[in-house]
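In: Output the structure for:
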Amino acid sequence: MVASMSELASHICSKIQSVFDRQTVALDVTVDEISGVAGRKGRVFVHGVGREGLMLKALCMRLTHLGLSAHCVGDVTTPPISSSDLLIASAGPGGFPTVDAICGVARSVGARVLLITAKPSGSASRYASAVALLMAQTMADEDEEGVEENSCMLLPMGSVYEGAMFVLFEMVVFRLAEVLGQTPQAVTSRHTNLE
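Out: Residues are numbered from 1 along each chain as shown. Prediction:
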C-alpha cells in the first residue's frame, strides 16, 4: 500500500523528533558557543561536507541575518580565521579528512571549534573545543552490521542526521534572536535584496 504524503511527512518528522528525545544539550552548547563569539566580537565560520555542509550554509545565512559576521569555509570572500573566532564543523559519522584538516587549522591559530556529530569518539573530536551531539543515523550507520536493508528507504544516507541539523539550527536561531536582542524586523532587514 502506498502511503499518503501526510503519512510520509509524519513518519519523517517522527524520526527526526526522536533524535531530540534522546539528547538535550546540543541546543545549549551551540547557543553558548555562538553567543560567546558574538560577545567577544569574533566571527563564525562553518564547514561540512555534502548535505551536512548545505545545512551549515543555511545556518550561516541566518547568523548573518542575526547580525553576526558569518562565513562559509571555501567561499572566495572568507577571511582568515583567528583566535577570537569560532568554527562550527559537522562530521556526522565522527570525522572526514577534510573536516579534520580544517578543524586542525582553526585550532592551530587558537580559534574555538564546535563539532556537531553523531559519533563523538571520531577523529574530528580531537580538535573540538565543544561538541553538539546529535544521536541520529548517518550514512556510515548503513554500512554497519545489524542495520536492516530496508530500514533506510524513506530517509537514506544520513537524512535523519541532516534533518536533525536543520531542526537544531532553527531552534538555535530562535534562541539566539532572544539572547542577542534581535527583533524580527532587524533580522528581516539584513536579508539580501539582490534576488
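
In: Lys177 against Leu66, yeah?
Out: Actually, residue 177 is Ala rather than Lys. Yes. Counting by Cβ atoms under 8 Å, Ala177 touches Leu66, with 6.3 Å between them. For the C-beta atoms, the positions are set from N, CA and C on the backbone; glycine is no exception.

In: Who has more neighbours out of those two?
Out: Counted by other Cβ atoms under 10 Å, Ala177 and Leu66 do not tie: Leu66 has more neighbours, with 21 against 18.

In: Please give me every residue in contact with that one.
Out: By Cβ atoms under 8 Å, 6 or more residues apart in numbering, Leu66 lies in contact with Val173, Leu176, Ala177, Leu180, Gln182, Val187, Arg190.

In: Next: Leu180.
Out: Leu180 touches Ser35, Ala38, Leu66, Gly67, counting by Cβ under 8 Å, 6+ apart.

In: The helix or strand the second one falls within packs against which elements?
Out: Which is Ala38. Here Ala38 sits within helix 26-39, counting by DSSP states H and E. Applying 3 or more Cβ pairs under 8 Å, 6 or more residues apart in numbering; DSSP states H and E, one finds that helix 26-39 contacts strand 86-90, strand 112-117, strand 130-133, helix 159-179.

In: what is the rounded mean pLDDT of the second one?
Out: What that stands for is strand 112-117. Per-residue pLDDT over strand 112-117 has a mean of 97.

In: which residues are common contacts for Ala177 and Leu66?
Out: What both Ala177 and Leu66 touch, as defined by Cβ under 8 Å, 6+ apart, is the set Val187.

In: got any ranges where this structure has weak pLDDT?
Out: Within the chain, the segments meeting pLDDT under 70 span 1-2, 139-153, 156-158.

In: please redo it, this time with the cut-off set to 80
Out: Residue ranges of the chain with pLDDT under 80: 1-3, 22-24, 137-158.

In: angle of the one helix or strand Leu54 maps to against strand 86-90?
Out: Leu54 belongs to helix 50-65 when elements are defined using DSSP H and E. Angle of helix 50-65 versus strand 86-90, following axes from the mean of the first three to the mean of the last three Cα atoms, to 10 degrees, is 150 degrees.

In: Go ahead and name everything in contact with helix 50-65.
Out: Around helix 50-65, the neighbours that count as contacts under Cβ under 8 Å, 6+ apart are 34, 44, 46-48, 70-72, 88-92, 158-159, 161-162, 165-166, 169, 172-173, 176, 187-188, 190-191.

In: Same check on stretch 120-137?
Out: 16, 19, 22-23, 25-26, 29-30, 32-33, 89, 91-96, 99-100, 103-104, 106-107, 112-118, 152, 155, 158, 160-161, 163-165, 168.

In: Now list the buried members of those.
Out: 16, 19, 26, 29-30, 32-33, 89, 91-96, 99-100, 103, 106-107, 112-118, 152, 155, 158, 160-161, 163-165, 168 (16 or more other Cβ atoms under 10 Å).

In: His191 falls within a helix, correct?
Out: No. Assigned with DSSP: H, G, I helix; E, B strand; the rest coil, His191 falls outside any helix and is coil.
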